[in-house]
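>>> below are the sequence and a predicted model for it; my questions follow.
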Amino acid sequence: MVCRAGNNYSGNDSSNAPMPNWNGDVTFEPRRWRVPRHNPAQAPFPEGGGVPPVTGPPFITDDPTALASLVEVVAQATDDIEALHVIGAGWSFEDCAKSEGVMVSLFNLNWAISDVLDIRNDALTFDWQVRQSTPSSKTHLVHYEAGIRILDLCEHLNGQGLAMPTLGGSNGQSLAGALSTSTHGGDWQQPPFPDVVRAVHLVTHGGQEWWIESATNPITRDTNDSANLRAVLSCKTIKIARDDRLFNAVRVACGRFGVIYSVVLEVRRQFRVVQVVTTPNSASVLQALRDGQRTPSLFTPLFRLLNTDPSQAAVPDATGVPYFLAVIFNSQRPSDVWVTRRWETKSTLADSIPPPYSSLNDLSRAIVTVVNAALLEVIGIVNATSLTFTTLIGMLLGPAGVLVGSGFSLNTVIQIIRMVVELDQMVIRGDSPFGSVLAASLRAAWRIPGLSDLIPQVQGMVIENQLRGGAARGTWRGPHYQISTGGREANDQVDFRSDSIEVVFDASDPMYLDFLDDILNTCSRYHQAGYIALRPSLRSNALLSMHNVPGPRAISIEVASAKNLDGNAAWMSYVQQAALRNGGRPHWGQYNKLDAVDVEILYGAALRDWREALIGVSDLSTLCSNAFTVQRGLEPMSMVRAITSVKKTRTGNITHICNDAESWSPVAVADAVRHIQARAVTYIAVVEDSFVFIDVVSDGSGGFYLRTRADRTTTDNLDSLPISLR
């Protein structure tokens, strides 16, 4: 029985309230929004929609109502036979969180939890009790509700002298969202985000709670049916699973397993980094990456090349092997390349590099100045100081009304002048988001023959400002999280959005370089403007992580373009197809238009194991199924199970079918009938080293039984299988 005690829900609800995701590509408008943990001072979502800002949680650790409320939400949706899906911060570019039924927001589930990790309750293994009680321990376990934002998590850890060993490039995601889509960074000797997780507290079909961790490297004791762990978990009938396959499945699941309530993370001691950005020769960088394919250490040739840059010599603590590596190409002029490296440092300085432009408004003005100057020059105007339509027209017309100084028609000139004035007014008013100004400037340059060279120049200004500083990243020495994701002020940059696809490859396979060559040679043909960034990491053990590659290291290639450009859709589609041709796996949380066949090809046996884990948790429940999971085949389907034995009653009736070597074994006959009828599982019997399929047959009285397809005469010839001793 699950731990549901009547309607004990407390939270903020609303009906049919629309809310876009962070990037504005997907609008969520479910029948019912549910936000567990009541906060009377806070509306469930900002007025008029949009993603709630990062404000910082209270970090209270002893509130039992939030989990009870979440269980009630899931149980009610199950009872009402309604689809349910969970949303963290809405950071995904795709609709993996979307549901037309009930959506549960983790917005208020953002507190720290201490009970399980309290060494006085003896729930932890002896090894982890020692580590938790030793201040000098290199790693430490922490426990948080899954709705906490990454920035809040990092700031809270920092206050305890702790830090995440790896992070992505932004800080607005929820913990659950970053985990479920396999967020990663360029901390190249660290695995991606899911591999920092050591336990997951899940609420699934019917409100059933699960505590899931690894079997080979558990953090809690299993003595006396995990009595010490059960004593501190609020639900005594919670299912505790120490199972590697299930643990590796639930860590990257796009919300399909249920709602993640909380997560235990293995973090490290607080540390600081120093960052250096250099601009080496593009051809030399590509050759060094090729050369690395012929060495055991893939990136040693690149590091040797980069170490010759004179700017690094001016930073004495930037020595040795870097902690972080990213290579960024200008997607409109790939000969422009920037390389960012970070090293751990003992320095307590908080140095800053003044960015080229101190704010996005300043950058907007600089871009408009460059574009407008070029637009005016093509129609014969230079050194214009008063950008009004009337003044500019007057400068072009002589006394007889004849156009001078331009080879364009009057209509074309008027259009150009209108573009100039509109761009200038966007900056003067100061109320246009940077992304809108950038897109308008780029579109204006594309419209006029001969101005296409402006595109890579403008995009170079944007990349340079992002890497050299800006409001989010002015510091180049400081705590790891501030350098990786920026401080709280980084959240003010949400008006600069992009379209983005990221694909992940085995770093030891040269196919990623073939893909890179392809898109670098093709990118300038599309009306897009952004970057192509490479970031390596260790492989992941999570089954559906894009980083679960055969080799020891993965490498991600992110392709981003400023939002609202005409060529973005075609460019993103081309990149995905080029990636699939070379075995690349698109990120679950960015542009991802895969279908079930694509996913089957890309993930193979890992996908089959993931499906087995899913059916083991929620059977054939479609509670957390949605359009995203169905399109990509993230459902209990296409599984094959080999039966090697059966369980019988004393009267000889078969009650279960088994294969003692498999984690799914045994399965009740009634469940197997449902699996076969739903076409989720194909059962085969192993008889004398051969396989025969199992069919479901009606007994003529409303019941069903199992029979091998090879024999149509007997009612049940599974009797030939041995009896299981389980």
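Happy to help now that I have it.
>>> any idea which residue is closest to the centre of the chain?
Thr181 (3.5 Å; C-alpha atoms, centre = their mean).
>>> nearest residue to that one in space, please, no chain neighbours.
Nearest non-adjacent residue to Thr181, counting by C-beta to C-beta, 6 or more residues apart in numbering: Gly589, 3.4 Å away. The way it works is simple: take the backbone N, C-alpha and C, and place the C-beta from them, glycine included.
>>> mind checking which helix or strand the one you found is in?
For Gly589, there is no helix or strand it lies in under DSSP states H and E.
>>> check what pLDDT it gets.
At Gly589, the pLDDT value in this model is 89.
>>> could you count how many residues lie near the residue nearest to Glu145 when sequence neighbours are not counted?
The shortest distance from Glu145 to any residue that is not its chain neighbour, by C-beta to C-beta, 6+ apart, is 4.2 Å, and that residue is Leu109. By the other C-beta atoms under 10 Å criterion, the neighbourhood of Leu109 contains 31 residues.
>>> okay, Leu109 and Asp79: tell me how far apart.
22 Å (C-beta to C-beta, to the nearest Å).
>>> kindly report the same for Val669.
Separation of Val669 from Asp79 (C-beta to C-beta): 27 Å.
>>> buried residues in the helix ranked longest in the chain?
What stands out as the longest helix in the chain, according to DSSP state H, is helix 596-618. Of the residues in helix 596-618, those buried by neighbour count under the rule 16 or more other C-beta atoms under 10 Å are 596, 598-599, 602-603, 606-607, 609-618.
>>> then stretch 423-438?
For stretch 423-438, a neighbour-count test (16+ other C-beta under 10 Å) marks Leu423, Asp424, Met426, Val427, Ser432, Pro433, Phe434, Gly435, Ser436, Val437, Leu438 as buried.
>>> off-centre distance for it?
Stretch 423-438 sits 30 Å away from the centroid of its parent chain (C-alpha atoms, centre = their mean, to the nearest Å).
>>> how close does Asp79 get to Val232?
Following C-beta to C-beta, the distance that separates Asp79 from Val232 is 29 Å.
>>> okay, the two: which has more neighbours?
A direct count of neighbours by other C-beta under 10 Å for Asp79 and Val232 places Val232 higher, at 17 against 11.
>>> residue contacts, that one?
For Val232, the contact set (C-beta atoms under 8 Å, 6 or more residues apart in numbering) comprises Asp115, Val116, Asp118, Asn121, Ala123.
>>> of these, select the buried ones using a PyMOL command.
Below is the selection syntax for PyMOL that covers the buried ones among the contacts of Val232, with 16+ other C-beta under 10 Å defining burial:
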select buried, resi 116+123
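>>> any idea which helix or strand carries the closest residue to Ile87 other than its chain neighbours?
The shortest distance from Ile87 to any residue other than its chain neighbours is 4.2 Å, reached at Ala97 (C-beta to C-beta, 6+ apart). Secondary structure from DSSP H and E places Ala97 outside every helix and strand.
>>> local confidence estimate at Ala97?
Listed pLDDT for Ala97 reads 74.
>>> His85 against Asn626, yeah?
Yes: with contact defined as C-beta atoms under 8 Å, His85 counts as touching Asn626 (5.4 Å).
>>> pick out whichever of these two has more residues nearby.
Looking at His85 and Asn626 with other C-beta under 10 Å, you find the greater number of neighbours at His85, namely 28 against 23.
>>> just to revisit the earlier point, got JSON lines for the buried residues of stretch 423-438, with secondary structure, distance to Gly700 and pLDDT too?
Below are the buried residues of stretch 423-438 laid out as JSON lines (DSSP: H, G, I helix; E, B strand; the rest coil; distance: C-beta to C-beta, whole Å; pLDDT from 0 to 100):
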{"residue": "Leu423", "secondary structure": "helix", "distance to Gly700": "78", "pLDDT": "89"}
{"residue": "Asp424", "secondary structure": "helix", "distance to Gly700": "83", "pLDDT": "86"}
{"residue": "Met426", "secondary structure": "helix", "distance to Gly700": "76", "pLDDT": "88"}
{"residue": "Val427", "secondary structure": "helix", "distance to Gly700": "80", "pLDDT": "86"}
{"residue": "Ser432", "secondary structure": "coil", "distance to Gly700": "73", "pLDDT": "84"}
{"residue": "Pro433", "secondary structure": "coil", "distance to Gly700": "69", "pLDDT": "86"}
{"residue": "Phe434", "secondary structure": "helix", "distance to Gly700": "71", "pLDDT": "87"}
{"residue": "Gly435", "secondary structure": "helix", "distance to Gly700": "67", "pLDDT": "87"}
{"residue": "Ser436", "secondary structure": "helix", "distance to Gly700": "69", "pLDDT": "89"}
{"residue": "Val437", "secondary structure": "helix", "distance to Gly700": "74", "pLDDT": "90"}
{"residue": "Leu438", "secondary structure": "helix", "distance to Gly700": "71", "pLDDT": "91"}
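>>> farthest pair in those residues?
Of all pairs drawn from these, the widest gap by C-beta to C-beta lies between Asp424 and Gly435 and measures 17.8 Å.
>>> just checking, what packs against whichever strand or helix holds Val420?
Secondary structure from DSSP H and E places Val420 in helix 410-429. In terms of contacts (3 or more C-beta pairs under 8 Å, 6 or more residues apart in numbering; DSSP states H and E), helix 410-429 is packed against helix 360-378, helix 389-396, helix 434-447.
>>> related to what we said a few turns ago, Val263: which of the buried residues of stretch 423-438 is nearest?
Each of the buried residues of stretch 423-438 was checked against Val263 using C-beta to C-beta; the closest is Gly435, at 32.3 Å.
>>> verify the stated contact: that closest one with Gly530.
No: at 11.5 Å, Gly435 and Gly530 do not qualify as touching, with contact defined as C-beta under 8 Å.
>>> what lies in contact with the helix or strand in which His656 is found?
Secondary-structure element containing His656, defined by DSSP H and E: strand 654-658. Residues lying outside strand 654-658 but in contact with it, judged by C-beta under 8 Å, 6+ apart, are 643-649, 665-669, 672, 683, 694, 706, 716, 718-719, 724, 726.
>>> redo that, cut-off 7 Å
For strand 654-658, contacts defined as C-beta atoms under 7 Å, 6 or more residues apart in numbering pick out 643-649, 665-669, 672, 683, 716, 718, 724, 726.
>>> from the residues you listed, which land in strands?
Assigned to strands by DSSP state E, the following of the contacts of strand 654-658 qualify: Ile643, Ser645, Val646, Lys647, Lys648, Val667, Ala668, Tyr683.
>>> which residues sit in contact with the first one?
In other words, Ile643. Ile657, Cys658, Asn659, Tyr683, Ile684, Ala685, Val686, Ile694, Leu721.
>>> lowest average confidence, helix or strand, in this structure?
helix 389-396 (a mean of 66; mean pLDDT, DSSP states H and E).
>>> now do the helix holding Val420 against helix 360-378, angle only.
160 degrees (axes from the mean of the first three to the mean of the last three C-alpha atoms, to 10 degrees).
>>> export helix 410-429 to CSV, keeping only CA atoms.
Taking only C-alpha atoms (Å, rounded to 0.1, in the frame of the first residue of the first chain), the coordinates of helix 410-429 have been written out as CSV:
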residue,chain,number,x,y,z
LEU,A,410,14.3,55.0,-54.7
ASN,A,411,12.0,52.3,-53.3
THR,A,412,15.0,50.3,-52.2
VAL,A,413,16.7,53.3,-50.6
ILE,A,414,13.5,54.1,-48.7
GLN,A,415,13.4,50.5,-47.4
ILE,A,416,17.0,50.8,-46.3
ILE,A,417,16.4,54.1,-44.5
ARG,A,418,13.4,52.6,-42.8
MET,A,419,15.5,49.7,-41.5
VAL,A,420,18.2,52.1,-40.3
VAL,A,421,15.7,54.2,-38.4
GLU,A,422,13.9,51.2,-36.9
LEU,A,423,17.2,49.7,-35.7
ASP,A,424,18.2,53.1,-34.2
GLN,A,425,14.9,53.5,-32.4
MET,A,426,15.1,50.0,-30.9
VAL,A,427,18.3,51.1,-29.2
ILE,A,428,17.1,54.6,-28.2
ARG,A,429,13.9,53.3,-26.6
